[in-house]
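Chemist: generate a structure from the sequence data that follows.
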Amino acid sequence: MIKNSKFRANGEVNGKPAYYNPVTKQSLTADSNGKYELHDW
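Modeler: The predicted model follows:
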């Protein structure tokens, strides 16, 4: 699942917990179907 343990909880998106990794500047958020996606910023 998440290989890098530096993700931290960062609020909620679409009612699911959202995570953010300050090291790689990626966020993991759920879409409206509840499917998680990784986003680069």
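Chemist: for the residue sitting nearest the centre point of the chain, which non-adjacent residue is closest in space?
Modeler: When the chain is reduced to its mean C-alpha position, the closest residue under CA atoms, centre = their mean turns out to be residue 28, at 1.6 Å. Leaving aside its sequence neighbours, residue 28 sits nearest to residue 19 (CB to CB, 6 or more residues apart in numbering; 4.3 Å). Just so you know, the C-beta spots here come from the backbone N, C-alpha and C atoms, and that holds for glycine as well.
Chemist: just after the helix or strand that neighbour falls within, pick out the following helix or strand.
Modeler: Assigned by DSSP states H and E, residue 19 falls within strand 16-21. Moving toward the C-terminus from strand 16-21, the next helix or strand (DSSP H and E) is strand 26-30.
Chemist: list the contacts of the helix or strand that comes right after that following strand.
Modeler: Downstream of strand 26-30, the next assigned helix or strand under DSSP H and E is strand 36-40. Strand 36-40 is contacted from outside by 16, 24-31, using CB atoms under 8 Å, 6 or more residues apart in numbering.
Chemist: just the CA trace of strand 36-40, in CSV.
Modeler: What follows is strand 36-40, C-alpha atoms only, in CSV (Å, rounded to 0.1, in the frame of the first residue of the first chain):
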residue,chain,number,x,y,z
TYR,A,36,-7.6,6.7,-3.2
GLU,A,37,-5.3,8.5,-5.7
LEU,A,38,-1.8,9.9,-5.3
HIS,A,39,-1.3,13.5,-6.5
ASP,A,40,2.0,15.3,-7.1
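Chemist: quick one: that strand to strand 26-30, angle?
Modeler: Here strand 36-40 runs at an angle of 150 degrees relative to strand 26-30 (axes from the mean of the first three to the mean of the last three CA atoms, to 10 degrees).
Chemist: appreciated, that's everything.
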